[in-house]
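Trainee: here's my sequence, what's the structure:
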Amino acid sequence: QVQLVESGGGLVQAGGSLRLSCAASGRPFSKYTMGWFRQAPGKEREFVAAISRWSGITDYADSVKGRFTIFRDNAENTVSLQMNSLKPEDTAVYYCAAESTGWGPTIFMATEYDYWGQGTQVTVSS
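Mentor: Below you'll find the predicted structure:
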């Protein structure tokens, strides 16, 4: 198993930046593909970004491409999401997730992920 704890959320004005971090403990971190998802009130959880075990592959939702960057440090057991040019529609609870079977065409699906953090709130004011 792996335990995930997110941090870095908060309130920011539109156009601003935030960096979310997710600290992992438990099984070797490099065994997991990592993802970030978000859920706004009244909406389903949606894919934001994912990164392969050794950072060779990343994927992003169209809505965040060019604004968000996912990166990881396997030595520190962390995965981060740098969010720039934030918009009010980015407001949501952001979740870190770990997937153990490896990168594939369905990596954007929440059902592919085995472990989840508790989430961190991001609020972007207009």
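Trainee: and the helix or strand residue 34 falls within, what other elements does it pack with?
Mentor: Using DSSP states H and E, residue 34 falls within strand 33-39. Contacts defined by 3 or more Cβ pairs under 8 Å, 6 or more residues apart in numbering; DSSP states H and E place strand 33-39 against strand 18-26, strand 46-51, strand 68-73, strand 78-83, strand 92-99. Bear in mind the C-beta positions are built from the backbone N, C-alpha and C, glycine included.
Trainee: give me the element residue 118 is part of.
Mentor: Using DSSP H and E, no helix or strand contains residue 118.
Trainee: what is the burial count for it?
Mentor: 11 (other Cβ atoms under 10 Å).
Trainee: spatially central residue for the chain, please.
Mentor: residue 36 (1.9 Å; Cα atoms, centre = their mean).
Trainee: if I look at the residue nearest to that one when sequence neighbours are not counted, how far off is residue 26?
Mentor: Counting by Cβ to Cβ, 6 or more residues apart in numbering, residue 36 lies nearest to residue 48, which is 4.3 Å off, once chain neighbours are set aside. Going from residue 48 to residue 26 by Cβ to Cβ, to the nearest Å gives 23 Å.
Trainee: go on, residue 17?
Mentor: Taking Cβ to Cβ, one finds residue 17 at 30 Å from residue 26.
Trainee: can you check residue 13 too?
Mentor: Where residue 26 is concerned, residue 13 sits at a distance of 36 Å (Cβ to Cβ).
Trainee: looking at those two, which is more packed in?
Mentor: Under the criterion of other Cβ under 10 Å, the comparison of residue 13 against residue 26 puts residue 26 first, with 14 against 10.
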